[in-house]
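Predicted structure and sequence below. I'll ask about it afterward.
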Amino acid sequence: MSEDFVEGNFLGLPESGGDIDVAILQLPYELTTSYGQGTAQGPAACLVASAQVELFDDRLGENLPAGSTFLTAPPWDGEGGSLAQQLDNITSYLQPWFQGHCFPLALGGEHGILPPLVRAARQHPLVEGDLERLTVVQIDAHADLREQLNGETYSHACASSRSLDLGIGRLLQVGIRAYSKEEAELIETDERITTFFAKDTQSTLHGAKHWSQWLETLSGVSGPVHLTIDIDGLDGSLVPATGTPVPGGLTYWQVFETIQALFDAPNAVVISADINEIVPQEGTPLTEFSAAMIATKTIGAHLLARREGRWTATKKPDSDNSDTQASTFFSELLADNME
């Protein structure tokens, strides 16, 4: 542990002031979980585990922060008397970091954080209000394409469906191995969705072929991208404490290869990322440490893209780095749906 280690900061990195290059955002959101509990404690646990992650990035050839400025932002305050109000409050929390001046990485929290992240991405200069420009790349055990779960349309099990409803142009999924008939039919019929199932990519006979096709698909992505990593996309042996662990998932190195291929894609700009469904684990920090490692690799890939010209700041932050207009989008949307 270095002498300038700062407890509570991601990787223990000090904050040097000046323009922020990477913002670590904490979303302790847990309102619609349907099996295991504890995702509200996930972001804080991930920060604690990150203190044990090595700072050296072999692709950058140096230690993080590699000349960049990191900010570990205060966590979302959890306020909101209803689900819609909480989604709006999350959106308001996120919006200042989607001005194009930095790379925001959110730690969750259940996967219900995805629609507010997509809504916040709408204001990014590369999106310019047109979410059809945005591609979402999803690592997950579950398709999250349900119309509702237990009567709730904004359940974590509906995160990708609601993102499509918001208008994203393309959804690329990998690791999927737990899904309903309804979701299978949507994957088959909605041309915006491309899904690589775990039964194919993890096959002992033909897995290498399907995995190569996945990496080639990522290399061909163009335009702005949001990367969402539900850590249950990894095999359950690596993240046993996540809300809904499922066997037969991706290896750590497959997640790393996905991150690398996406950030290296010559025509894509990864504008943001999230790592969600982190749950603290009793007896061993394996789950939150796996999440911290993935977060570190994601940031390293971003910094390399920045260095090699695949990411540049598109706007200077406002002087107070805040968005004064609170979101009411989800409250209005859900109120209209109830009429």
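Everything's here; your move. Keep in mind the model is a prediction, meaning the values are calculated, not measured.

middle-most residue in this protein, spatially?
residue 274 (1.9 Å; C-alpha atoms, centre = their mean).

Isn't that one up against residue 113?
Yes: Residue 274 sits in contact with residue 113 when judged by C-beta atoms under 8 Å, with a separation of 6.3 Å. The way it works is simple: take the backbone N, C-alpha and C, and place the C-beta from them, glycine included.

Need the residues touching each of those two.
Overlap of the contact sets of residue 274 and residue 113 (by C-beta atoms under 8 Å, 6 or more residues apart in numbering) consists of 27, 106.

dump the residue contacts of the residue lying closest to the residue nearest to the centre of the chain once chain neighbours are set aside.
Once flanking residues are discounted, residue 274 sits nearest to residue 106: 4.0 Å by C-beta to C-beta, 6 or more residues apart in numbering. Each residue near residue 106 by C-beta under 8 Å, 6+ apart is listed here: 25-27, 94, 113, 117, 272-276.

my guess is residue 106 is in a strand, correct?
Yes: per DSSP: H, G, I helix; E, B strand; the rest coil, residue 106 lies within a strand segment.

what about whichever helix in the chain runs longest, average pLDDT?
Secondary structure of the chain per DSSP state H: the longest helix is helix 286-307. Averaged across helix 286-307, the pLDDT comes to 97.

Check which element follows it along the chain.
helix 329-338 (DSSP states H and E).

Touching that next one from outside, list them.
82-85, 87-88, 91, 115-116, 119, 153-154.

please redo it, this time with the cut-off set to 10 Å
80, 82-92, 115-116, 119, 122, 153-154, 162, 165-166, 328 (C-beta atoms under 10 Å, 6 or more residues apart in numbering).

quick one: buried residues of it?
For helix 329-338, burial by neighbour count (16 or more other C-beta atoms under 10 Å) applies to 329-331, 333-334.

ok so, going back, bridged to the residue nearest to residue 274, which residues?
With DSSP bridges as the criterion, residue 106 is bridged to residue 25, residue 274.

Equivalent analysis for residue 195, please.
What pairs with residue 195, by the bridge criterion (DSSP bridges), is residue 173.

So it sits against residue 138, correct?
Yes: Residue 195 lies in contact with residue 138 (C-beta atoms under 10 Å); the separation is 9.0 Å.

Between the two, which is the more surrounded one?
residue 138 (27 against 21; other C-beta atoms under 10 Å).

Would you confirm that that one contacts residue 161?
No: here residue 138 does not reach residue 161: they are 11.7 Å apart, not a contact under C-beta under 10 Å.

what touches both of the two?
Common neighbours of residue 138 and residue 161 (C-beta under 10 Å, 6+ apart) are 144-145, 171, 193.
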